[in-house]
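Peer 1: need coordinates for the below:
(chains A, B, C and D)
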2 protein chains.
Amino acid sequence: MVRRTRLDASDCPVARSVDAIGDWWSLLIVRDAFDGSRRFGEFQRGLGVAKNILTTRLRSLVAGGVLEVVPASDGSAYHEYVLTPKGRDLFPVVVALRQWGEAHFFAPGEPRSELVDREHGRPLSPLEIRSAEGVPLGAEDTVVRKVS
Amino acid sequence: MVRRTRLDASDCPVARSVDAIGDWWSLLIVRDAFDGSRRFGEFQRGLGVAKNILTTRLRSLVAGGVLEVVPASDGSAYHEYVLTPKGRDLFPVVVALRQWGEAHFFAPGEPRSELVDREHGRPLSPLEIRSAEGVPLGAEDTVVRKVS
DNA sequence: CCTTACTGGTTGCAAGATGCTACCAGCCTC
DNA sequence: GAGGCTGGTAGCATCTTGCAACCAGTAAGG
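Peer 2: Model prediction:
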């Protein structure tokens, strides 16, 4: 058995998250879902992914509780894929990745897509890590602890 | 050419980030680096990954500017892998994934690792998405815009 | 020194994942 | 009811992943 390693039983939440959405396309599907895509064809055109790959990814996201299948909103006989509450909770992950990409992979003035406040049309403020008391923290101010 | 699709030229920052660290092991290596791992063997034992896989992942993270190779801190002839500033900027991504995993993949009381404030030993507060004005936003309050 | 263990890999092979191109069965539209 | 959309499957080639074996340079003990 040489299958891809499973980490869904790891005691680290990061590992379980990566196990659920850590493959290549899943997060981009979620990104497009946040951006309004609902139909198979929308995801396929938006991502440029092969249809068989998209099929397996959508199925695994549905199985993982990130997306759910609902009847089409336009009354046709087809169905649509929408984010569950669990899927919508991925918003900070997508925003964090977006901000990291913006900061490190684009030359100034290079064309890009940008996530903005719908009301004012301005970019979001950078994510901040804060303690329970609300004090901003850096990575060096934190430590991983085992809990049982 | 059937190689894995490259997204490093996409105009979406999320896609470029995923292209850089979106494979299975890279983010876990970064997580362990935040947790203090520096040596090849530490990563290997911490992750349980095959050595050839770890070799390629470390190389691509170094090539991508996330890790850098430095002489061993204990004076031996070996070298170590440490996060660059770009790599440390991934902290919000790791924290976001961790919080999502904690919220959705653990039964109450199930053993887990936890990220806490070093000073007080308490879990961090949940990440919040905020507008430029500091107003908390949900996914539905944002929209993606093309910039050129 | 000399031997032995550790560190940090490389190599070869088996099997799974990815991707492309057909192909196809329901819909829906005219 | 003909033709085009929608949402897939199937087959095949190639790439990636993973295990195990092997190996050179370094450190440590005697």
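Peer 1: off-centre distance for stretch A:125-132?
Peer 2: In terms of Cα atoms, centre = their mean, to the nearest Å, the centre of stretch A:125-132 is found 19 Å from the chain centre.
Peer 1: correction: the previous question concerned stretch A:97-114.
Peer 2: Distance, centroid of stretch A:97-114 to centroid of chain: 17 Å (Cα atoms, centre = their mean).
Peer 1: just stretch A:26-42 next, same as before
Peer 2: 10 Å.
Peer 1: mind checking if the helix or strand containing A:Leu58 is in reach of chain B?
Peer 2: Using DSSP states H and E, A:Leu58 sits within helix A:51-63. No. Residues of helix A:51-63 contacting chain B under Cβ under 8 Å from any Cβ of the partner chain: none, with a closest distance of 9.3 Å. C-beta coordinates here come from the backbone N, C-alpha and C atoms, glycine included.
Peer 1: pLDDT averaged over that helix - what is it?
Peer 2: Per-residue pLDDT over helix A:51-63 has a mean of 95.
Peer 1: surely A:Val49 is in contact with A:Leu58?
Peer 2: No. Using Cβ atoms under 8 Å, A:Val49 makes no contact with A:Leu58, being 10.3 Å away.
Peer 1: what residue lies at the spatial centre of chain A?
Peer 2: Nearest to the geometric centre of chain A sits A:Leu27, at 4.1 Å (Cα atoms, centre = their mean).
Peer 1: got phi/psi on it?
Peer 2: Dihedral angles of A:Leu27 (phi, psi; degrees, to the nearest 10) stand at phi -70, psi -30.
Peer 1: my read: it touches A:Ser17, true?
Peer 2: No. Counting by Cβ under 8 Å, A:Leu27 stays clear of A:Ser17, with 10.4 Å between them.
Peer 1: any shared contact partners between those two?
Peer 2: A:Val93 (Cβ atoms under 8 Å, 6 or more residues apart in numbering or on different chains).
Peer 1: what do A:Val49 and A:Leu58 both touch?
Peer 2: With Cβ under 8 Å, 6+ apart as the test, A:Val49 and A:Leu58 both reach A:Phe43.
Peer 1: circling back to that earlier point, list the contacts for the residue nearest to the centre of chain A?
Peer 2: A:21, A:90, A:93-94, A:97, B:14, B:18, B:22.
Peer 1: go again using 10 Å as the cut-off
Peer 2: A:21, A:61, A:66, A:90, A:93-94, A:97, B:14-15, B:17-18, B:22 (Cβ atoms under 10 Å, 6 or more residues apart in numbering or on different chains).
Peer 1: and which of those residues is nearest DNA strand D?
Peer 2: Comparing those against DNA strand D with Cβ to the nearest atom of the strand places B:Gly22 closest, at 9.9 Å.
Peer 1: spatially nearest residue to that closest one, not counting backbone neighbours?
Peer 2: Spatial nearest neighbour of B:Gly22, chain neighbours left out: A:Trp24 (5.8 Å); criterion: Cβ to Cβ, 6 or more residues apart in numbering or on different chains.
Peer 1: surely the one you found meets A:Val49?
Peer 2: Yes. Using Cβ atoms under 10 Å, A:Trp24 makes contact with A:Val49 at a distance of 9.1 Å.
Peer 1: hey, what's in contact with both of those two?
Peer 2: In contact with both A:Trp24 and A:Val49: A:57, B:5, using Cβ under 10 Å, 6+ apart.
Peer 1: about what we covered before: which other residues reach the helix holding A:Leu58?
Peer 2: If you take Cβ under 10 Å, 6+ apart as the criterion, helix A:51-63 is touched by A:20-21, A:23-30, A:33, A:40-41, A:43-44, A:47, A:49-50, A:66-69, A:81, A:83-84, A:87, B:5.
Peer 1: following it, which helix or strand shows up next?
Peer 2: Next along from helix A:51-63, by DSSP H and E: strand A:67-71.
Peer 1: what is that next one packed up against?
Peer 2: helix A:26-34, helix A:51-63, strand A:79-83, helix A:85-88 (3 or more Cβ pairs under 10 Å, 6 or more residues apart in numbering or on different chains; DSSP states H and E).
Peer 1: make JSON lines from these and add distance to DNA strand C to it.
Peer 2: Compiled in JSON lines, the helices and strands packed on strand A:67-71 are given as follows (distance: least, Cβ to the nearest atom of the strand, whole Å):
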{"stretch": "helix A:26-34", "distance to DNA strand C": "9"}
{"stretch": "helix A:51-63", "distance to DNA strand C": "4"}
{"stretch": "strand A:79-83", "distance to DNA strand C": "10"}
{"stretch": "helix A:85-88", "distance to DNA strand C": "19"}
